[in-house]
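**Q** mind looking at a prediction? Sequence and model below.
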Amino acid sequence: KKKKKKEATFHIPVGDSCMSEPFSSSTTGRAPSGAESPSMSVSPDQLSQLLEGVAAKDRSAFATLYEATVPKLLGTIIRILNNRGWAEEVVHDTYIKIWRKADQFDASK
C-alpha cells in the first residue's frame, strides 16, 4: 500500500487578506512536488515578462511564474534541507517575497 505524501496549500497575502486563488492552478491548491509535475519550459525573457506582470499584481502572471518554477525550486530545497515540511515553508515564504517585491526586479542584473 502506497503512503500518500502530505501536500501544502499556499496562499498569497494581498493587503490584509489572501488572494482567492492559491499559487497552483490546480483546483486543490496543492503545490506540486518536483517529482510529480514537470517544470514548464520558460526562457529568461519570459521569466522577466512574468515578473513584470507580477509587479503589476497580475495574478495570472504570478500563477504562470509559480507553475513554471515551483517544481524545480521545491525539489532543490528538499534536497538541501532533507525535510519536505521545511522546504514547503521556504518555498511559501519565497513566493510571498516574490509577490511583494517583484517591482524591485531588474532584468539587467
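**A** That came through fine.
**Q** report the contact partners of residue 51.
**A** By Cβ atoms under 8 Å, 6 or more residues apart in numbering, the contact list for residue 51 reads 61, 65, 98, 102, 105, 107. Bear in mind the C-beta positions are built from the backbone N, C-alpha and C, glycine included.
**Q** mind running it again at 10 Å?
**A** By Cβ atoms under 10 Å, 6 or more residues apart in numbering, residue 51 lies in contact with 61-62, 65, 98, 101-107.
**Q** residue 41: which of those residues is nearest?
**A** Within those, the smallest distance to residue 41 is 13.4 Å, found for residue 65 (Cβ to Cβ).
**Q** which parts of the helix or strand hosting that closest one are buried?
**A** Residue 65 belongs to helix 59-81 when assigned by DSSP states H and E. Buried residues in helix 59-81, counting neighbours by 16 or more other Cβ atoms under 10 Å, are found at 61-71, 73-75, 77-78.
**Q** can you name the element that comes right after the worst-scoring helix or strand of the chain on mean pLDDT?
**A** Using mean pLDDT, DSSP states H and E, strand 17-22 stands out as the lowest-scoring helix or strand of the chain, at a mean of 41. Remark: after strand 17-22, the chain's next helix or strand is helix 44-55, criterion DSSP H and E.
**Q** what comes up buried for that next one?
**A** Counting neighbours by 16+ other Cβ under 10 Å, helix 44-55 gives 47, 49-51, 53-55 as buried.
**Q** looking at those residues, which one is closest to residue 85?
**A** residue 54 (26.1 Å).
**Q** mind exporting stretch 102-109 as PDB, just the C-alpha atoms?
**A** Output in PDB follows, covering the C-alpha atoms of stretch 102-109 (Å, rounded to 0.1, in the frame of the first residue of the first chain):
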ATOM      1  CA  ALA A 102       8.500  41.900  -7.900                       C
ATOM      2  CA  ASP A 103       8.600  45.600  -8.600                       C
ATOM      3  CA  GLN A 104      12.200  45.700  -7.500                       C
ATOM      4  CA  PHE A 105      13.300  43.100 -10.100                       C
ATOM      5  CA  ASP A 106      15.900  44.400 -12.600                       C
ATOM      6  CA  ALA A 107      16.300  42.200 -15.600                       C
ATOM      7  CA  SER A 108      19.600  43.900 -16.500                       C
ATOM      8  CA  LYS A 109      21.300  42.300 -13.400                       C
END
